[in-house]
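K.L.:
Okay, here's the prediction I keep looking at, along with the sequence it came from:
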Amino acid sequence: MINIAVCGANGKMGQEVIKAVKNAEDMVLVARIDINDGEFATIKDAKDSVNIDILVDFTQPKSIYENALYCLNNGINIVIGTTGLSDNQLEELKELSNRTKTGCFVAPNFSTGAVLMMKFAQIAAKYFDNAEIIELHHNQKKDAPSGTAVKTAAMMAEVNSNFATGNCAETETIEGARGANSYNNIHIHSLRMPGFMASQEVIFGSNGQTLKIRHDSTDRECYMPGVMLAIRYVIEHKNFVYGLDNIL
């Protein structure tokens, strides 16, 4: 059996992970970690009391990096669903994971449909020199742009060097009107509003045509097959992985 601890256990995603772990025949939940009325308040508290094979983290951007450092330095494999890690932080976690031979699986999105959306966008990016991303989330999401949008832009940038080909010189009369200019001039626009859960649309354009690739998540249950897949991968391989697309 795989001993699972869930950090952010009282959050909406944490609660879904707990249900999925309890329904899995090869896993057992050994710790609910949450600063707000959790079984344990910290990862260290849990580690001192129970044996943890893998910690699944769905907490907050401000805490995830330190959580990951603690796990990797203490022999706890970690699956990270919290977004907001910088490129430099990801590189540091990769180096630490490889050095300690402790698994670290980071996924901006655990939905298989969202992963396919990102792959389709990467394929389309070879054939369009203009593209922008719109991501839409509920108004309790703390980081912007979303990790999914950042990962999508990075994947697109691998196959094309400039996504603002032919654009005129621009002046923003209101700062930020054109969104964030990310990898290779891919503009990312973040919308936060009640009524959304998680959606993303990648828009490609060329003379005479546009192409839109969109994915919508309507229930957090859609992420659980990907989380289970990541857990089972990490327990076997114990290396660093960024993105569910690498193991599908």
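P.N.:
Received, thanks.

K.L.:
just the strands in the protein please.
P.N.:
Applying DSSP state E to the chain gives strands spanning 2-7, 27-33, 54-57, 77-80, 104-106, 130-137, 180-181, 187-192, 198-206, 209-217, 240-242.

K.L.:
Could you dump the ones you listed into JSON lines with mean pLDDT added?
P.N.:
Putting the strands of the chain into JSON lines (pLDDT from 0 to 100) gives the following:
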{"stretch": "strand 2-7", "mean pLDDT": "98"}
{"stretch": "strand 27-33", "mean pLDDT": "98"}
{"stretch": "strand 54-57", "mean pLDDT": "98"}
{"stretch": "strand 77-80", "mean pLDDT": "98"}
{"stretch": "strand 104-106", "mean pLDDT": "97"}
{"stretch": "strand 130-137", "mean pLDDT": "98"}
{"stretch": "strand 180-181", "mean pLDDT": "96"}
{"stretch": "strand 187-192", "mean pLDDT": "98"}
{"stretch": "strand 198-206", "mean pLDDT": "97"}
{"stretch": "strand 209-217", "mean pLDDT": "97"}
{"stretch": "strand 240-242", "mean pLDDT": "96"}
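
K.L.:
how about this protein, which residue sits the furthest from its center?
P.N.:
Gly208 (34.2 Å; CA atoms, centre = their mean).

K.L.:
What sits closest to the residue most central in space within the chain if chain neighbours are left out?
P.N.:
For the chain, the residue nearest the mean C-alpha position is Pro108 (1.3 Å; CA atoms, centre = their mean). Spatial nearest neighbour of Pro108, excluding adjacent residues (CB to CB, 6 or more residues apart in numbering): Gly147 at 3.2 Å. Every C-beta, even on glycine, is put in place using the N, C-alpha and C of the backbone.

K.L.:
same thing with Cys104?
P.N.:
In space, Cys104 comes closest to Ser97 once its chain neighbours are excluded; the distance is 4.0 Å by CB to CB, 6+ apart.

K.L.:
you'd agree that neighbour is up against Phe105?
P.N.:
No - taking CB atoms under 8 Å as the definition, Ser97 is not a contact partner of Phe105, at 9.2 Å.

K.L.:
where exactly do the helices run in this structure?
P.N.:
Counting by DSSP state H, the chain has helices at residues 12-23, 43-49, 61-73, 87-100, 112-125, 147-157, 224-237.
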